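**Q** got a sequence here, can you model it:
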Amino acid sequence: MYNEGITALTIADKMNLTAQWLRRGQDWYEQTPWDMRPSLSASNATELWFKGIGSRYAISSAEATTPGMGLTIQRFHGSEPGSWTHPKDIVRETFQAIPLERGTW
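**A** Got it, this is the predicted structure:
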């Protein structure tokens, strides 16, 4: 939430974890002192958008067919990949959205 123009994506291994993790992200945002946090332009079931800096935190599930499709991802976390339903499809579709540039991980 402090870096401009960043898309962070987390892929949870189970569909029911996405809402739980996003609530945790919202809690962290709300616990950040108001003068240190950017305004939210959107907060919905799958992402937090940070107004003014053009960044977002998105969450998807490994049970989805193409998590991360259509994004350019600078920060990625894949949880429990051994439990993913379609790991080869997720790697193929998602990893091509992560540029091989300094500052991505």
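**Q** CA atoms for contacts and neighbours, from now on please.
**A** Fine.
**Q** list the buried residues for stretch 10-27?
**A** 10-14, 18-19, 21-23, 26 (16 or more other Cα atoms under 10 Å).
**Q** pretty sure W105 is touching Q74, no?
**A** Yes - with contact defined as Cα atoms under 8 Å, W105 counts as touching Q74 (6.3 Å).
**Q** which of those two has more residues huddled nearby?
**A** Higher neighbour count among W105 and Q74: Q74, with 19 against 13, using other Cα atoms under 10 Å.
**Q** correct me, but the more buried one touches T7?
**A** Yes - when contacts are counted by Cα under 8 Å, Q74 is listed as touching T7 (5.6 Å).
**Q** low pLDDT regions in this protein?
**A** 45, 65 (pLDDT under 70).
**Q** circling back: include secondary structure and distance to W34 when you put the buried residues of stretch 10-27 into TSV, please.
**A** As requested, these are arranged in TSV below (DSSP: H, G, I helix; E, B strand; the rest coil; distance: Cα to Cα, whole Å):
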residue	secondary structure	distance to W34
T10	strand	25
I11	strand	28
A12	strand	29
D13	coil	32
K14	coil	32
T18	helix	25
A19	helix	24
W21	helix	21
L22	helix	19
R23	helix	18
Q26	helix	13
